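S.K.: got a predicted structure here, sequence first:
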Amino acid sequence: MSKRQFAHFVPPTSEMVEKCAARVGVQLDGEDARLLPDWIGDAMAALEKLEDVEESSVPLEFTHRDPGMMPRVGEDPHNAFVRFCDVRGAGEGSLKGKRLAVKDCIAVAGVPQSEGGGRRPYFVPTEDAVVIERALRAGATIVGKTNMEDMAVGSGEGSYFGAARNPLDPSVSTGGSSSGSAAAVASGMVDMALGVDQAGSIRIPAAWCGLVGMKATHGLVPSYGLTYMDHTLDHIGPITTNVEDNAQLLEVIAGEDWRDPQWLRGEPRASEYLSARESGLERTRVGFIRESVSPELVEAEVLAAFRRSLQGMSDAGAIVQEVSVPLWPLSLPIFSAVVAHGLYGMWISNGLGFGHLGRVDVDAVAASARRSTTFSHHLPPRVLVRLILAQYLNEVEWGVPLAKAHNLRLRLRCEIDTLFTDVDLLVTPTAPTVAFPLLEGMGERADRMTRGGTELLNTCPLDLSGHPALSVPCGVGRGGLPVGIQIIGPRFGELAVYGLGFALEEELAQR
């Protein structure tokens with residue numbers, strides 16, 4: 001690969017230096033204002049030498065790639081896809097013959113990527129995300145990029161391409177932001193899909209569409225190739241119709257990679273998650289989190305389905321007990337501050353982010369900068385709220401609320417960690433309600449996108465803490481719509497999580 005060609009650095013003027021200083025909140029005295037253009041010019045001259053260095057590339061292992069096209073009328077009745085494509089992997093492997101759909105914020109080389117928005121030109125990656133490399137190596141065929149909330153922020157109604165429709169009832173939401181991935185699997189158009197979860201965006205669509213969705217331990221699945229929201233919150237994971245396929249796909253995509261920007265202690269390794277089928281529940285200690293089942297927050301029908309699942313676990317030999325996570329009710333405001341700070345960092349760095357040693361796709365950074373500069377007036381309402389909130393808290397409150405939220409996040413993680421001395425697994429309802437009706441009016445949707453979020457009450461705590469969480473169907477609630485139960489394990493305890501998932505799936509089949 002030849003070296004990348006950039007425009008030569010433009011020498012800074014005094015006016016530009018003052019403008020940049022104002023943007024970062026720095027006041028210049030007269031001497032600084034006079035000297036800074038020369039100082040910065042010297043630094044830029046040193047950086048210019050980097051243009052002479054040839055950048056390494058990651059070659060594509062599988063080259064059969066048809067970027068395809070947007071669905072035509074009648075081809076996609078649930079609006080699950082942004083684009084059909086045909087990217088073929090190996091002729092053998094554990095995913096041979098599996099049709100895989102991919103959320104449209106995960107890079108598939110040669111296939112345009114919208115990220116759920118209309119900000120053009122769309123970026124066309126030249127490299128695959130790590131999870132795509134691994135799925136193709138295992139024999140999968142990628143058949144489409146799926147619809148999603150614009151910039152992965154929303155509750156199922158905020159895509160530029162219109163809302164994905166829930167195949168179980170097209171009048172209700174699939175949940176967000178991996179809305180199209182869930183709709184594609186639930187409709188039978190694909191065998192499995194990849195979603196992305198920063199607050200519940202895999203587990204909520206899985207629960208509302210009667211599917212299985214896994215947010216693994218933070219860092220177990222490499223996120224390189226994702227359009228990031230925050231390196232400490234980003235999770236890529238599988239959405240499937242059953243626990244077996246889910247465990248199989250996680251086996252394929254899990255494990256360390258040198259390009260991964262996620263930071264964690266130790267080297268994450270995949271396990272044989274399918275072996276969890278044989279574990280059983282005898283003497284398994286299961287704790288249900290008291291704060292997750294408040295009748296003021298959780299619909300009665302959802303609670304009833306959840307409690308029937310607890311009884312089923314007990315009948316199968318599990319020891320079920322109530323436990324408490326005192327900070328659980330504050331998880332949503334903690335998350336709001338954490339994600340605002342993280343998203344702000346991504347925004348001002350053109351999607352690069354801070355505090356990581358992962359590989360950077362330079363073309364993706366440049367494309368992000370172009371789109372954000374040209375289309376900043378077309379940002380989703382919830383993104384605008386978070387960006388301006390972070391700036392406001394930094395300027396007016398000196399960043400103190402953001403710092404306090406960060407420390408409370410660590411305390412929440414410790415509260416959850418401590419419980420695993422007394423129990424093996426934790427459970428909650430995945431979402432406190434069944435799928436809500438889709439809103440048609442833009443004003444109503446915008447209001448829900450800025451003021452909503454109650455569906456995240458039981459999912460966002462695990463993105464903050466990094467613990468693995470699996471949503472499995474556990475019955476039906478209001479209107480016959482599906483209810484999910486969330487199974488939580490200690491960090492890197494996916495094997496035990498899947499063990500309970502297999503048991504619950506079998507118990508539900510016998511009802």
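M.R.: Nice, I can see it.

S.K.: next structured bit after the lowest-mean-pLDDT helix or strand in the chain?
M.R.: Scoring the helices and strands of the chain by mean pLDDT, DSSP states H and E places helix 442-451 at the bottom, with a mean of 57. The element immediately downstream of helix 442-451 (helix or strand, assigned by DSSP states H and E) is helix 460-465.

S.K.: ok now the next helix or strand after that next one, how far from the chain's centre?
M.R.: Per DSSP H and E, the first helix or strand lying C-terminal to helix 460-465 is strand 469-476. Here the centre of mass of C-alpha atoms in strand 469-476, compared against the chain's by CA atoms, centre = their mean, to the nearest Å, lies 18 Å away.

S.K.: swap in stretch 398-407?
M.R.: Offset of stretch 398-407 from its chain centre (CA atoms, centre = their mean): 23 Å.

S.K.: would you mark the buried spots in that stretch?
M.R.: 401-402, 405-406 (16 or more other CB atoms under 10 Å). Heads up, the C-betas are built off the backbone N, CA and C, glycines and all.

S.K.: didn't residue 339 look like it was pressed against residue 230?
M.R.: Yes - with the criterion set as CB atoms under 8 Å, residue 339 and residue 230 qualify as a contacting pair; they are 6.2 Å apart.

S.K.: so which of the buried residues of stretch 398-407 are in strands?
M.R.: Helix and strand membership here follows DSSP state E; of those, not one is in strands.

S.K.: a markdown table for those residues, including pLDDT and distance to residue 70?
M.R.: Putting the buried residues of stretch 398-407 into a markdown table (pLDDT from 0 to 100; distance: CB to CB, whole Å) gives the following:
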| residue | pLDDT | distance to residue 70 |
| --- | --- | --- |
| 401 | 95 | 42 |
| 402 | 95 | 40 |
| 405 | 97 | 40 |
| 406 | 97 | 41 |
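
S.K.: what comes into contact with the helix or strand hosting residue 334?
M.R.: Element membership of residue 334, judged by DSSP H and E, is helix 331-348. Counting by CB atoms under 8 Å, 6 or more residues apart in numbering, helix 331-348 makes contact with 198-199, 228-233, 327, 352-354, 372, 383, 385-387, 389-391, 393, 401-402, 404-406, 408-409, 412, 453-454, 456-457, 460-461, 463-464, all of which sit outside it.

S.K.: distance of the nearest residue to residue 293 once chain neighbours are set aside from residue 296?
M.R.: If you skip the residues right next to it in sequence, residue 293 has residue 303 as its closest partner in space, 6.1 Å away by CB to CB, 6 or more residues apart in numbering. Applying CB to CB, to the nearest Å, one obtains 11 Å for the distance of residue 303 from residue 296.

S.K.: between these two, which one's more packed in?
M.R.: When neighbours are counted by other CB atoms under 10 Å, residue 303 and residue 296 differ, and residue 303 comes out ahead with 18 against 5.

S.K.: who's in contact with the more buried one?
M.R.: Counting by CB under 8 Å, 6+ apart, residue 303 touches 293, 295, 429.

S.K.: and it, what element?
M.R.: With elements delineated by DSSP H and E, residue 303 resides in helix 300-315, which encompasses its position.

S.K.: coming back round to it: put the buried members of the contacts of helix 331-348 into a ChimeraX selection.
M.R.: A single ChimeraX command is used to select the members of these judged buried by 16+ other CB under 10 Å:
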select :198,199,228,229,230,231,232,233,327,352,353,372,383,385,386,387,389,390,393,401,402,405,406,408,409,412,453,456,457,460,461,463,464
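
S.K.: among the contacts of helix 331-348, which are located in helices?
M.R.: Members of the contacts of helix 331-348 lying in helices (criterion: DSSP state H): 372, 383, 385-387, 389-391, 393, 401-402, 404-406, 408-409, 412, 460-461, 463-464.

S.K.: tell me the phi and psi of residue 31?
M.R.: When read as degrees, to the nearest 10, the backbone of residue 31 gives phi -70, psi -40.

S.K.: likewise the one 5 residues further on?
M.R.: With angles defined as degrees, to the nearest 10, residue 36 shows backbone torsions of phi -60, psi -40.
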